[in-house]
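S.K.: sequence-free structure coming up:
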């Protein structure tokens with residue numbers, strides 16, 4: 001009797017919880033060209049998170065009378081480990097971005113390669129920098145500082 005009662009109760013949906021799959025989610029403005037160009041396999045997850053915020057940003061909310069007369073305007077998206085400076089055109093489309101992130105985890109393949117090439121060295125600092133201009137190939141780079149005792153080496157790896 002307890003087993004039958006337990007199974008029957010497990011299939012009853014409580015109204016307080018609802019079903020999240022029935023809620024409609026809509027995104028107003030997604031710049032897919034930007035996301036397709038900057039988000040690659042080796043892009044750090046933290047950077048991807050902020051890039052999605054940039055792509056979903058409704059730039060019409062930030063337009064003021066002063067900005068409407070300009071050819072372009074800038075917005076900076078900040079997070080604890082980095083920021084993205086975005087330049088928009090008059091219509092609110094992304095023209096270019098400059099991304100800077102410090103001390104974020106490197107992609108695992110890159111960390112493993114550095115550890116193999118420099119055994120006994122440790123990571124002192126990591127940076128991820130990316131420049132995007134609409135219609136051009138995005139240029140990303142990892143800057144890594146490794147140390148061993150008093151020695152330091154600076155490595156640059158194209159992303």
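M.R.: Perfect, thanks for sending it. The structure displayed is predicted, hence computed values, not measured ones.
S.K.: next, the buried residues of stretch 88-96.
M.R.: Neighbour counts over stretch 88-96 (16 or more other CB atoms under 10 Å) mark 88, 92, 94, 95, 96 as buried. Every residue, glycine included, has its C-beta placed from N, CA and C.
S.K.: now pLDDT and distance to residue 79 too, for those, in JSON lines please.
M.R.: Formatted as JSON lines, the entries for those read as follows, by pLDDT from 0 to 100; distance: CB to CB, whole Å:
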{"residue": "88", "pLDDT": "88", "distance to residue 79": "19"}
{"residue": "92", "pLDDT": "81", "distance to residue 79": "22"}
{"residue": "94", "pLDDT": "91", "distance to residue 79": "18"}
{"residue": "95", "pLDDT": "94", "distance to residue 79": "21"}
{"residue": "96", "pLDDT": "96", "distance to residue 79": "19"}
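S.K.: ok, which pair from those is furthest apart?
M.R.: The most widely separated members of the buried residues of stretch 88-96, counting by CB to CB, are 92 and 96 (14.0 Å).
S.K.: so what pLDDT did the residue nearest to residue 131 when sequence neighbours are not counted get?
M.R.: Taking CB to CB, 6 or more residues apart in numbering as the measure, residue 131 lies nearest to residue 139, with 5.1 Å between them; neighbours along the chain are not counted. Among the per-residue scores, residue 139 holds a pLDDT of 94.
S.K.: and residue 139, how far from residue 102?
M.R.: In this view, residue 139 and residue 102 are 18 Å apart by CB to CB, to the nearest Å.
S.K.: quick check: which element contains residue 77?
M.R.: Using DSSP states H and E, residue 77 falls within strand 72-79.
S.K.: now that strand: buried residues?
M.R.: By neighbour count, with 16+ other CB under 10 Å as the criterion, the buried positions of strand 72-79 are 73, 77.
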